[in-house]
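1. Okay, sequence plus prediction incoming.
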Amino acid sequence: MKHFYTFFLALVLTVSFSHAQNLITNSTFVDAAGWTTVNTTGSIKNPAETHTADGSSSYELLAQNGNYNGQIKYTQVGASKIEAGNYMMSYWVKGPVGSRSKLQVYQGSAINSLVHVSSTADWEQVTHSFTLTKAGAQPKVFNSKNDGTSFILIDDVVFKRVTTEAPASLDFATGWYPVNATATISGSTHTLNLDAGTPKLKLYDHHVDADTNKFIKIVLKNNSINTGLQITYLGSDGNIKYNTQTITASDTAEKTYEFDMTSAAWAGNIEDINIVVKKRKADDSGWTTVNASSGETLDFSAITISAASTLTLQDFGETSISIYPNPVSNQLSIVSDMKIESVEVLDLMGRTVLSSSQKVAPMVNVSSLQSGVYMIKLSNKQGESQTKKFIKK
């Protein structure tokens, strides 16, 4: 039987630990990579003994003789991965009744959990909450006896950000942080400076209830030549997922883009959400990393989540454009009061699958497309464009 024990330094309400990225990559002791023994001896348990069935083992840690500081410490997690806020750390421990162990996070000084005293000789899980600053952090696990003879087994060490459920309107001041870039906030505008490679905004403070919320709408003004916007997230299956759209470049006004996040992996509480700026490859075969570009920016004025699509025609400008039928089997008709110079049909990875030029109120044959969701981008000769979504039956 497994036993669970939870201790907190500070009360945290409505939090989520599920699906967040574990900042410890070798958490199940496949080997000792990343871990260092301090003030004592220890090694990977051989023959393997673990509380999971993943084929890994656990770490056997001896108590220090004459002191309570026998420990294993993990490689420091860099400041780029830590934002100020609440973090959760947990581990599984097994030892004789009365075994003593604790957690510590070191950020220039030690932040300790309470000492856990094992009440059984079986595996027990211990969890603790730490409030950290934006700085590098080093997780540690201690054998808190001092007899020089007592061993404990340690397994599945987890170190994660604690999040709360995201509000419908994701406030830039309390959730989004620049990564590989700098940013400024002025009123309701969050300006992302493209001053480093792979610039993005990361949602650190919140998770999204993906079972309820299926759409993310972003309002921005793109002051760069890059034409891709990608949402990445850690899916419920444990894999990184991607949702990419084409955006207009060198905008003179704000544009609105809506991402339909519906998929099997968009389920439960989703965390580690990033909004990444992308550019087209030179051969136009897909998306690639944006390099540092001094002076170029993206001005984000709103990011909202919703259960259903909230886009209106006005979100795309004053020109009246409609497409029908939707869903469509063969011919997609486009009704417009402006001359359309070019038409592009894009898949959800942002790849062009159909294109044509010099059209007025065109009809596009989409019969060759596979069933699925697509975007159709309609542009005039001034380079202004509108994008609409359609379903190919």
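-> Okay, I see it. Numbering: from 1, shown residues only.

2. Tell me where the model's unsure across the protein.
-> Counting by pLDDT under 70, the chain shows low-confidence ranges at 1-20, 173-174, 284, 311-320, 335-339, 357-362, 381-383.

3. try it again with 50
-> Within the chain, the segments meeting pLDDT under 50 span 1-19, 313-316, 358-361.

4. For the residue nearest the centre of it, give me the backbone phi and psi.
-> For the chain, Asp272 is the residue whose C-alpha lies nearest the centre (Cα atoms, centre = their mean; 1.9 Å). Main-chain torsions, Asp272, degrees, to the nearest 10: phi 60, psi 50.

5. same question, Gly55
-> Dihedral pair for Gly55: phi 90, psi 0, per degrees, to the nearest 10.

6. What is the neighbour count of it?
-> When neighbours are counted by other Cβ atoms under 10 Å, Gly55 registers 9. Using the backbone N, CA and C atoms, a C-beta is placed for each residue, glycine as well.

7. do the same with the one 10 residues further on
-> Using other Cβ under 10 Å, Asn65 has 13 neighbouring residues.

8. Surely it is in contact with Asn143?
-> No. Contact between Asn65 and Asn143 fails when scored by Cβ atoms under 8 Å: they sit 11.3 Å apart.

9. shared neighbours of the two, which are they?
-> Overlap of the contact sets of Asn65 and Asn143 (by Cβ atoms under 8 Å, 6 or more residues apart in numbering) is empty.

10. now the strands for the stretch 201-350 of the chain?
-> Per DSSP state E, counting those that start in this stretch, the stretch 201-350 of the chain carries strands over the ranges 206-209, 215-223, 228-234, 240-246, 255-260, 269-270, 273-280, 287-289, 297-306, 321-324, 331-336, 340-346.

11. quick one: the nearest residue to the residue nearest to the centre of the chain once chain neighbours are set aside and Pro199, what's the gap?
-> Excluding its sequence neighbours, the residue lying closest to Asp272 (Cβ to Cβ, 6 or more residues apart in numbering) is Leu234, at 4.2 Å. Distance of Leu234 to Pro199, computed by Cβ to Cβ, to the nearest Å: 20 Å.

12. cool, and Asp156?
-> Distance, Asp156 to Pro199, by Cβ to Cβ: 34 Å.

13. again, but for Val353
-> Applying Cβ to Cβ, the value for Val353 to Pro199 is 28 Å.

14. More neighbours: those two, which one.
-> A direct count of neighbours by other Cβ under 10 Å for Val353 and Pro199 places Pro199 higher, at 29 against 15.

15. Enumerate every residue touching that one.
-> Counting by Cβ under 8 Å, 6+ apart, Pro199 touches 178-181, 192-193, 276-277, 290.

16. what's the closest non-adjacent residue to it?
-> According to Cβ to Cβ, 6+ apart, the nearest residue to Pro199 is Ala181 (3.7 Å).

17. isn't that neighbour right up against Thr191?
-> No. With contact defined as Cβ under 8 Å, Ala181 does not reach Thr191; the gap is 10.0 Å.

18. For Asn143, give me phi and psi.
-> Torsion angles, degrees, to the nearest 10, at Asn143: phi -90, psi 110.

19. That one: neighbour count?
-> By the criterion of other Cβ under 10 Å, Asn143 has 29 neighbours.

20. can you list the domain ranges for the protein.
-> 3-162, 166-311, 318-393 (automatic domain parsing).

21. want to try JSON lines for the contacts of Pro199, with distance to Val38 and neighbour count as columns?
-> Below are the contacts of Pro199 laid out as JSON lines (distance: Cβ to Cβ, whole Å; neighbours: other Cβ atoms under 10 Å):
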{"residue": "Pro178", "distance to Val38": "35", "neighbour count": "18"}
{"residue": "Val179", "distance to Val38": "31", "neighbour count": "20"}
{"residue": "Asn180", "distance to Val38": "33", "neighbour count": "18"}
{"residue": "Ala181", "distance to Val38": "36", "neighbour count": "21"}
{"residue": "Leu192", "distance to Val38": "41", "neighbour count": "25"}
{"residue": "Asn193", "distance to Val38": "41", "neighbour count": "19"}
{"residue": "Val276", "distance to Val38": "38", "neighbour count": "21"}
{"residue": "Val277", "distance to Val38": "42", "neighbour count": "25"}
{"residue": "Val290", "distance to Val38": "41", "neighbour count": "23"}
